[in-house]
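[1] using only what follows, build the 3D model:
(one chain, ligands or ions: 1)
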Amino acid sequence: MSNTKEWQQQDASHHLHPFTHFQALNQKGSRIITGAQGVYLEDSEGHKILDGMAGLWCVNMGYGRQELVDAATKQMQQLPYYNLFFQTSHPPAVQLATLLAEVTPAHLNRVFFTGSGSECNDTVLRMVRHYWASLGQPDKQVIISRHNAYHGSTVAGASLGGMSGMHAQGGLPIPGIVHIDQPYHFGEGQGMSPHDFGLARARQLEEKILALGVDKVAAFIGEPIQGAGGVIIPPDSYWPEIQRICDKYGILLIADEVICGFGRTGHWFASEGFGIKPDLMCLAKGITSGYLPMGAVMVGDRVAKVLIEQGGEFNHGFTYSGHPVACAVAIANIQLMQSESIVKRVHDSIGPYLQRRWSELADHPIVGETRGKGLVAALEIVQDKGTNARFPASANAGMTCREFCFNNGLVMRAVGDTMIISPPLVITEEQVDELVDLARRSLDLTAERLAG
Ligand SMILES: Cc1ncc(COP(=O)(O)O)c(CNc2cccc(C(=O)O)c2)c1O
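    Predicted coordinates:
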């Protein structure tokens, strides 16, 4: 006899879930995930579910990695916690900072540790403003971001993000953060070539800088590929133009690689793949493969020099910044990535294989587009393949498909009517075949349901 009902009742009585309609979930009952191994989850009813989302884009090295468990156990026995305030440090933080300087692009040589991706983005907001104040330009405070970006759920993270539903709750965005349009060609680029659309969207940055006044703009922040916004992969013309504009006006470039980092796109970091040189880079999720919470802001030499030589005391930090057990797991995780050559595997073999199998879904009657890079991909559910017209919102096509996926033994994420996958990087070709077959079956069932 499973404990499912009891767990669901207690969950409904005591637990408020993130990003959840509380009453609806309490009426439906939550799915209790009890275990996981490799790329598979197990729920309290014994169902085996292929985790096409690697948890929340984060379990890059897969579940059940004993090396990570051992690293955590050993560190917990040695030093379960100590802080990095008050002029103290500890070997795991020192070793991880050194390792991150090695594996990130050459100009990123210093790390500010946090406990999450949101805390990374709160950190970069305060850090870039402190940078310009240290240079005698305290009015250079504005950060330019994009509509439909996701940068976390703290007040600054949610404000840097461009999600209107988040802004509506809590009077966001806070002052000093503005948004330009996103490079979402499928949804917003009708009638323009990807190349021209990418340039047009990037050039909104220059227009915004000139409208605000260069002396007011501190930085631009962007996810190389917008994840939670729907795996928005910009046209090739976009990022080089963003970089050119940042360089032209001397504003700082922040790359939020919380999702894109640690091999997800077939590069250690997506900035390398898109040919941009961020002054600051936010990391989380894949840094520990999700086994423990951690965030890290990589600080480029241009910024670090000013903060160190002219910044004085930077009055910012968190209790769990560089938590020793999280650092130990991150070190073991990165060493696993290196010993298994996982980034090369994503770039050369399993990434191309997944993209090839995933693109076959473009022939499905309700799929308007498939897209992807490395081991992240999306497909657009449409009612009319000719015009790419969507189903009516009331049809809830994305959530319908997501439910069919779960009931068929697959986790896919729905962002509106865009279906997303971001599986563990250790997925095999056979498991990719299973994922695509389950996705196709779920699309078939969705099409039947919506036609009915
Ligand atoms: C690009 C980016 N930046 C910052 C964050 C915030 O990280 P933390 O959650 O660790 O504070 C994220 C997180 N991304 C995220 C978090 C939760 C859910 C989903 C989803 O796609 O449903 C995506 C993210 O994707």
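[2] how about this structure: which residue is closest to the ligand?
    Closest to the ligand within the chain is Gly117: 2.4 Å, counting by CB to the nearest ligand atom. C-beta: built from backbone N, CA, C; applies to glycine.
[3] just say helix, strand or coil for Asp196.
    When classified by DSSP: H, G, I helix; E, B strand; the rest coil, Asp196 comes out as helix.
[4] OK, contacts around the closest residue to it other than its chain neighbours?
    With sequence-adjacent residues excluded and distances taken as CB to CB, 6 or more residues apart in numbering, Asp196 is closest to Ser237, at 7.8 Å. Neighbouring residues of Ser237 by CB atoms under 8 Å, 6 or more residues apart in numbering: Pro194, His195, Asp196, Gly198, Leu199, Ala202.
[5] please redo it, this time with the cut-off set to 6 Å
    Ser237 is in contact with His195, Gly198, Leu199, counting by CB atoms under 6 Å, 6 or more residues apart in numbering.
[6] so the first one versus Gln204, what's the distance?
    His195 sits 16 Å away from Gln204 when distances are taken as CB to CB, to the nearest Å.
[7] I'd say Val343 and Ala270 touch.
    No - at 11.4 Å, Val343 does not count as touching Ala270 under the criterion of CB atoms under 6 Å.
[8] look at those two and report which has more neighbours.
    Ala270 (28 against 22; other CB atoms under 10 Å).
[9] get me the contact residues on the stretch 51-200 of the chain for the ligand.
    Proximity of the stretch 51-200 of the chain to the ligand, by CB under 6 Å from any ligand atom, involves residues Leu56, Ser116, Gly117, Ser118, Asn121, Tyr150, His151, Gly152.
[10] turn these into TSV, including neighbour count.
    Formatted as TSV, these follow (neighbours: other CB atoms under 10 Å):
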residue	neighbour count
Leu56	14
Ser116	20
Gly117	30
Ser118	24
Asn121	33
Tyr150	26
His151	32
Gly152	25
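[11] okay, now the unreliable bits of the chain?
    Counting by pLDDT under 70, the ranges of the chain that qualify are 1.
[12] domain parsing of it, as residue ranges.
    31-64+341-451, 67-340 (the TED database).
[13] dump these to CSV, plus distance to Asn3.
    Listed next are the domains of the chain as CSV, based on distance: least, CB to CB, whole Å:
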stretch, distance to Asn3
domain 31-64+341-451, 6
domain 67-340, 24
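[14] between those, which gets nearest to Ser2?
    domain 31-64+341-451 (5.1 Å; CB to CB).
[15] for the residue nearest the centre of the chain, which three-state class applies?
    Nearest to the geometric centre of the chain sits Ile259, at 2.6 Å (CA atoms, centre = their mean). Using three-state DSSP, the structure places Ile259 in coil.
[16] so which bits of stretch 172-181 are buried?
    Within stretch 172-181, the residues that qualify as buried are Leu172, Pro173, Ile177, His179, Ile180, counting by 16 or more other CB atoms under 10 Å.
[17] what's the spacing between stretch 335-343 and its chain's center?
    Computed by CA atoms, centre = their mean, to the nearest Å, the chain-centroid distance of stretch 335-343 equals 20 Å.
[18] what's next to it, contact-wise?
    By CB under 6 Å, 6+ apart, the residues outside stretch 335-343 that reach it are Met61, Glu67, Gly263, Trp268, Leu425.
[19] give me the buried entries from those residues.
    Buried by 16+ other CB under 10 Å: Met61, Gly263, Trp268, Leu425, out of the contacts of stretch 335-343.
[20] and the third one, helix, strand or coil?
    Reducing the assignment to helix, strand or coil with three-state DSSP, the entry for Trp268 is coil.
[21] distance of the residue nearest to Asp196 from Val231?
    Remark: distance between Ser237 and Val231 (CB to CB) = 19 Å.
[22] please apply the same query to Thr265.
    When CB to CB is the yardstick, Thr265 and Val231 sit 11 Å from each other.
[23] how about the helices in the stretch 351-452 of the chain?
    For the stretch 351-452 of the chain, the helices defined by DSSP state H, counting those that start in this stretch occupy 351-359, 397-408, 429-451.
[24] helix/strand/coil for Ile143?
    Ile143 is classified as strand under three-state DSSP.
[25] verify the stated contact: it with Ile177.
    Yes - using CB under 6 Å, Ile143 is in contact with Ile177, at 5.3 Å.
[26] isn't Met61 up against Ser289?
    Yes - using CB under 6 Å, Met61 makes contact with Ser289 at a distance of 4.3 Å.
[27] circling back: among the buried residues of stretch 172-181, which ones are in strands?
    Among those, the ones falling in strands (DSSP state E) are Ile177, His179, Ile180.
[28] so what's the last one up against?
    With CB under 6 Å, 6+ apart as the criterion, the residues that contact Ile180 are Arg146, Gln204, Lys208.
[29] hey, what's it bridged with?
    Legend: beta-bridge partners of Ile180 under DSSP bridges are Arg146.
[30] could you single out the nearest of the ones in strands among the buried residues of stretch 172-181 to Ala414?
    Using CB to CB, His179 comes nearest to Ala414 of these, at 23.4 Å.
[31] can you give me the neighbour number for Glu207?
    Look at Glu207: counted by other CB under 10 Å, it has 11 neighbours.
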